[in-house]
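Trainee: sequence below, structure please.
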Amino acid sequence: GDVKYINWNRYWEELEVEFSGAGAAAMDAAGVPRTLKMPVHADNQITFGLGAEYFFGEGYTLSVGYHYGDNAMSDNYLDPFIPAEVEHTLTCGFSVMPARTVKLGISYGYAIMDVSRASSYHAYDQSLEMQLGLPPGALNSEFCNAKTDYTVQIIQYSLSIYW
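Mentor: Here you go, the predicted model:
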């Protein structure tokens, strides 16, 4: 088992986007700043995992695991750059060692997502409107009313060679 504390606030308070190239010259001409800052507002996070392995015979292993991570993002800061919506992950796997130096494995994972929905006026839009000098409500990005509602399933094959 393990417990982790992720200090998001220490290193990641905002996301800074800097534009360059031909579009940047047009931004300069229009008086639009080339660098925009978007708030991240990720809360610090505590995660924990627990797993077990069962060895049933020479070189055969069965494993199961569970991982929990509390959601680090509030709904109005939904952000595709931070994988904060996976709360529960269940895993199982099987491995075999056909020789002392070779291990073959297969595992399956199922992630249970936290269903979140941003408000109709996303925090990114609010921040950009202030930086660009736009009136409140001028932007209506795809983040507005964004919703996470999907399933993640993982199948992994592995080959380990020891020397």
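Trainee: got any ranges where the protein has weak pLDDT?
Mentor: Across the chain, the ranges flagged by pLDDT under 70 are 79-85.
Trainee: ranges for the helices of it?
Mentor: 8-11, 22-30, 123-132 (DSSP state H).
Trainee: of those helices, which is nearest N145?
Mentor: Closest to N145 of the helices of the chain, according to C-beta to C-beta: helix 123-132, at 11.2 Å. Bear in mind the C-beta positions are built from the backbone N, C-alpha and C, glycine included.
Trainee: pull the distance from that closest one to the chain's centre.
Mentor: From the chain centre to the centre of helix 123-132 is a distance of 23 Å (C-alpha atoms, centre = their mean, to the nearest Å).
Trainee: would you mark the buried spots in that helix?
Mentor: Of all the residues in helix 123-132, those buried under the rule 16 or more other C-beta atoms under 10 Å are A123, Y124, D125, S127, L128, E129.
Trainee: for the third one, give me its contacts.
Mentor: Looking back up the chat, that one is D125. The contact partners of D125, by C-beta atoms under 8 Å, 6 or more residues apart in numbering, come to L139, N140, S141, F143, C144.
Trainee: give me the distance between the residue nearest to Y121 when sequence neighbours are not counted and Y124.
Mentor: Spatially, and ignoring its direct neighbours in sequence, Y121 is nearest to C144 (6.4 Å; C-beta to C-beta, 6 or more residues apart in numbering). Going from C144 to Y124 by C-beta to C-beta, to the nearest Å gives 9 Å.
Trainee: tell me what the longest strand along the chain is packed against?
Mentor: Assignment by DSSP state E gives strand 86-99 as the longest strand of the chain. On a contact count with 3 or more C-beta pairs under 8 Å, 6 or more residues apart in numbering; DSSP states H and E, strand 86-99 meets strand 60-69, strand 102-113, strand 152-161.
Trainee: mind redoing it with 6 Å?
Mentor: Under the contact criterion of 3 or more C-beta pairs under 6 Å, 6 or more residues apart in numbering; DSSP states H and E, strand 86-99 touches strand 60-69, strand 102-113.
Trainee: which neighbouring elements make contact with the last one?
Mentor: This means strand 102-113. Judged by 3+ C-beta pairs under 6 Å, 6+ apart, strand 102-113 is in contact with strand 86-99, strand 152-161.
Trainee: deepest in the core, which of those is it.
Mentor: strand 86-99 (a mean of 15; mean count of other C-beta atoms under 10 Å).
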